[in-house]
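**Q** What follows is a protein structure lacking sequence information:
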Ligand SMILES: [Zn+2]
């Protein structure tokens, strides 16, 4: 029958319709309409079920570098097309300027993380300012003007905020701490992340690129965060997108902490 149908020429079909009259034509239209209705509805339902969840901004940050694993990390970020933010130490910037130049050239943001990682609360204003200034100068020499300052260990006081502000810097902490300095193998770190941060989608994530295990685990971590709904952004993009919501997770004087914030405690940060 199918063969016969397709064997019919255009004129024959027109003739068939005209001979059979309007009744048959109308029956066809009604059949098509009724038949199509439930399938369109199912598709619409399926589309609703499978609608992608809205993506949330995730600013991945790497502190305490640049180091000997930074190149490997940059390769991963390039391959995954992920932008991140590096809070660098001034003394390491002086030692490996080529790494910082590559970070910036590949579209990542560079922030100031002090010169040699002291606990700023133990320093007077002048010494805190010197920590920020020296790193600032090292970065400016490379043509990089940072916007954010992250105090080592997340430890700061009013002098820190003032010293940073004098350099036009805003304090930036984090909302999700990977605690990667604590988990010294890829496996341990991934296990920790499966239990913890992958359920916290959206925010500023703290990692450390001098750790081989962090850099080794990063391809999987990025894949998991992405498949759970992360849209990767720099800290500046994150802040610009959040500005209207006025969330106090990153800003001086940082009085009201974000409920997600895992505040500073002893440890390597
Ligand atoms: Zn640090």
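**A** Cool, the structure landed. Fair warning: this is a prediction, and the values are worked out from it, not measured in the lab.
**Q** check contacts around the residue of the stretch 101-250 of the chain at minimum distance from the ion.
**A** Using C-beta to the ion, the single residue of the stretch 101-250 of the chain nearest to the ion is residue 152, 4.6 Å away. Heads up, the C-betas are built off the backbone N, CA and C, glycines and all. Counting by C-beta atoms under 8 Å, 6 or more residues apart in numbering, residue 152 touches 113-114, 117-120, 269.
**Q** one more time with 6 Å, if that's ok
**A** 114, 117 (C-beta atoms under 6 Å, 6 or more residues apart in numbering).
**Q** and it, what pLDDT?
**A** Predicted confidence (pLDDT) for residue 152: 97.
**Q** quick one: it from residue 83, how far?
**A** 24 Å (C-beta to C-beta, to the nearest Å).
**Q** Likewise for residue 137?
**A** Going from residue 137 to residue 83 by C-beta to C-beta gives 25 Å.
**Q** cool, and residue 59?
**A** Residue 59 is 9 Å from residue 83, by C-beta to C-beta.
**Q** Between these two, which is the more surrounded one?
**A** Neighbours per residue, other C-beta atoms under 10 Å: of residue 59 and residue 83, the larger number sits with residue 59, 29 against 16.
**Q** Three-state assignment for the more buried one, please.
**A** strand (DSSP: H, G, I helix; E, B strand; the rest coil).
**Q** Leaving aside the residues adjacent along the chain, what's closest to residue 229?
**A** Using C-beta to C-beta, 6 or more residues apart in numbering and skipping residues adjacent in sequence, the residue nearest residue 229 is residue 201, 4.7 Å away.
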